[in-house]
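> structure for this input, please:
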Amino acid sequence: MSLSSLNSLLFRSGLFGFGSLALICASVSAVEPGLESSPLAETGRPAAGDTLFTRLEPDDTGIDLVIPIDTSHPLKRAYHSSSACGGVAIGDVDLDGKPDVYAASGPTANALYLQTGDLKFRNIAEE
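Have a look, this model is predicted:
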(Lines give C-alpha, C1' and ligand atoms only; values in the text may rest on other atoms or scores of the structure.)
Protein backbone atom coordinates (compact mmCIF):
# COMPACT_ATOMS: atom_id res chain seq x y z
CA MET A 1 0.00 0.00 0.00
CA SER A 2 1.45 3.36 -0.97
CA LEU A 3 1.61 6.43 1.30
CA SER A 4 -1.09 8.14 -0.76
CA SER A 5 -3.32 5.07 -0.46
CA LEU A 6 -2.76 5.01 3.30
CA ASN A 7 -3.59 8.71 3.61
CA SER A 8 -6.70 8.26 1.49
CA LEU A 9 -7.81 5.31 3.60
CA LEU A 10 -7.29 7.23 6.84
CA PHE A 11 -9.19 10.29 5.72
CA ARG A 12 -12.06 8.47 3.95
CA SER A 13 -12.70 6.03 6.76
CA GLY A 14 -12.31 8.50 9.62
CA LEU A 15 -9.76 6.24 11.32
CA PHE A 16 -7.68 8.82 13.11
CA GLY A 17 -7.01 7.15 16.47
CA PHE A 18 -3.71 5.72 17.67
CA GLY A 19 -4.91 2.12 17.55
CA SER A 20 -6.30 2.46 14.05
CA LEU A 21 -3.09 3.96 12.72
CA ALA A 22 -1.01 1.27 14.42
CA LEU A 23 -3.15 -1.47 12.91
CA ILE A 24 -3.01 0.06 9.45
CA CYS A 25 0.77 0.57 9.65
CA ALA A 26 1.23 -2.99 10.87
CA SER A 27 -0.84 -4.33 7.99
CA VAL A 28 1.07 -2.16 5.50
CA SER A 29 4.45 -3.39 6.74
CA ALA A 30 3.21 -6.99 6.67
CA VAL A 31 2.37 -6.85 2.95
CA GLU A 32 5.13 -4.62 1.62
CA PRO A 33 8.15 -6.70 0.55
CA GLY A 34 11.54 -5.35 1.52
CA LEU A 35 10.42 -3.44 4.63
CA GLU A 36 12.26 -4.19 7.83
CA SER A 37 12.40 -2.95 11.39
CA SER A 38 15.54 -1.60 13.03
CA PRO A 39 16.14 0.05 16.41
CA LEU A 40 16.91 3.75 16.68
CA ALA A 41 20.57 4.70 17.00
CA GLU A 42 21.95 4.70 20.56
CA THR A 43 22.77 8.25 21.63
CA GLY A 44 24.42 7.48 24.96
CA ARG A 45 23.31 7.91 28.54
CA PRO A 46 23.43 11.18 30.50
CA ALA A 47 25.94 11.50 33.32
CA ALA A 48 24.65 11.00 36.86
CA GLY A 49 22.64 14.04 37.93
CA ASP A 50 21.91 15.17 34.36
CA THR A 51 18.36 15.11 33.10
CA LEU A 52 17.31 12.52 30.56
CA PHE A 53 15.00 14.84 28.60
CA THR A 54 15.40 18.34 27.22
CA ARG A 55 12.37 20.51 26.43
CA LEU A 56 12.21 21.32 22.73
CA GLU A 57 10.09 24.34 21.78
CA PRO A 58 7.44 24.15 19.02
CA ASP A 59 9.21 26.95 17.12
CA ASP A 60 12.33 24.75 16.99
CA THR A 61 10.69 21.41 16.14
CA GLY A 62 7.57 22.36 14.19
CA ILE A 63 5.39 20.17 16.43
CA ASP A 64 2.82 22.63 17.72
CA LEU A 65 -0.34 20.62 18.36
CA VAL A 66 -2.23 21.62 21.51
CA ILE A 67 -5.18 19.52 22.62
CA PRO A 68 -7.55 21.79 24.51
CA ILE A 69 -10.17 20.71 27.02
CA ASP A 70 -13.33 21.88 25.30
CA THR A 71 -15.96 22.28 28.03
CA SER A 72 -18.64 22.93 25.41
CA HIS A 73 -17.96 19.70 23.48
CA PRO A 74 -20.99 17.36 23.38
CA LEU A 75 -18.84 14.50 24.70
CA LYS A 76 -17.17 16.51 27.48
CA ARG A 77 -18.22 13.81 29.98
CA ALA A 78 -15.58 11.54 28.39
CA TYR A 79 -12.63 13.75 29.44
CA HIS A 80 -12.35 12.10 32.85
CA SER A 81 -11.38 8.79 31.21
CA SER A 82 -9.18 10.37 28.52
CA SER A 83 -11.39 8.94 25.79
CA ALA A 84 -12.04 12.41 24.36
CA CYS A 85 -8.34 13.21 24.23
CA GLY A 86 -5.72 12.33 21.66
CA GLY A 87 -2.86 9.92 21.23
CA VAL A 88 0.53 9.72 19.54
CA ALA A 89 2.07 7.16 17.20
CA ILE A 90 5.66 7.27 15.94
CA GLY A 91 6.81 5.50 12.80
CA ASP A 92 8.48 6.05 9.46
CA VAL A 93 5.41 6.99 7.40
CA ASP A 94 7.26 8.18 4.29
CA LEU A 95 9.97 5.46 4.44
CA ASP A 96 12.87 7.93 4.54
CA GLY A 97 14.51 6.30 7.57
CA LYS A 98 13.46 9.06 10.01
CA PRO A 99 10.69 8.64 12.61
CA ASP A 100 7.55 10.68 11.88
CA VAL A 101 4.84 11.62 14.39
CA TYR A 102 1.08 11.14 14.07
CA ALA A 103 -0.85 13.05 16.74
CA ALA A 104 -4.55 12.37 17.18
CA SER A 105 -6.59 15.09 18.80
CA GLY A 106 -9.95 14.69 20.44
CA PRO A 107 -11.78 17.96 19.75
CA THR A 108 -9.48 19.51 17.11
CA ALA A 109 -7.77 18.44 13.87
CA ASN A 110 -5.25 15.60 13.88
CA ALA A 111 -1.67 16.13 12.71
CA LEU A 112 0.86 14.10 10.73
CA TYR A 113 4.35 15.49 11.22
CA LEU A 114 7.00 14.31 8.76
CA GLN A 115 10.57 14.69 9.97
CA THR A 116 12.43 16.94 7.56
CA GLY A 117 15.72 17.16 9.46
CA ASP A 118 17.25 16.61 12.87
CA LEU A 119 14.09 16.78 15.05
CA LYS A 120 12.51 19.24 12.60
CA PHE A 121 8.98 18.39 11.49
CA ARG A 122 6.36 19.62 9.02
CA ASN A 123 2.64 18.99 9.48
CA ILE A 124 1.43 17.54 6.16
CA ALA A 125 -2.14 17.14 7.41
CA GLU A 126 -2.53 20.90 6.92
CA GLU A 127 -1.54 20.70 3.24
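
> quick one, strands of this protein?
Assigned by DSSP state E, the strands in the chain fall at 87-91, 100-104, 111-117, 120-123.

> sheet partners, orientation included, of the third one?
On the basis of DSSP bridges, the sheet neighbours of strand 111-117 come out as strand 100-104 (antiparallel), strand 120-123 (antiparallel).

> now do the first one: everything it contacts.
Read that as strand 100-104. Contacts to strand 100-104, defined as Cβ atoms under 8 Å, 6 or more residues apart in numbering, come from residues 16-18, 21, 63, 65, 86-94, 110-115, 121. Using the backbone N, CA and C atoms, a C-beta is placed for each residue, glycine as well.

> what angle separates it from strand 87-91?
With axes from the mean of the first three to the mean of the last three Cα atoms, to 10 degrees defining the directions, strand 100-104 sits at 160 degrees from strand 87-91.

> got any ranges where this protein has weak pLDDT?
1-32, 43-47, 78-85 (pLDDT under 70).

> list the buried ones in stretch 117-127?
Buried residues in stretch 117-127, counted by 16 or more other Cβ atoms under 10 Å: 121, 123, 125.

> closest to S37 out of the strands of the chain?
With Cβ to Cβ as the measure, strand 87-91 is the member of the strands of the chain nearest S37 (9.9 Å).

> so for that closest one, what gets flagged as buried?
By 16+ other Cβ under 10 Å, the buried positions in strand 87-91 come out as 87, 89, 91.

> now distance to P99 too, for those, in TSV please.
Below are these laid out as TSV (distance: Cβ to Cβ, whole Å):
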residue	distance to P99
G87	16
A89	10
G91	7
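
> and which of these is nearest S38?
Distances from S38 to the buried residues of strand 87-91, taken by Cβ to Cβ, are shortest for G91, at 12.3 Å.
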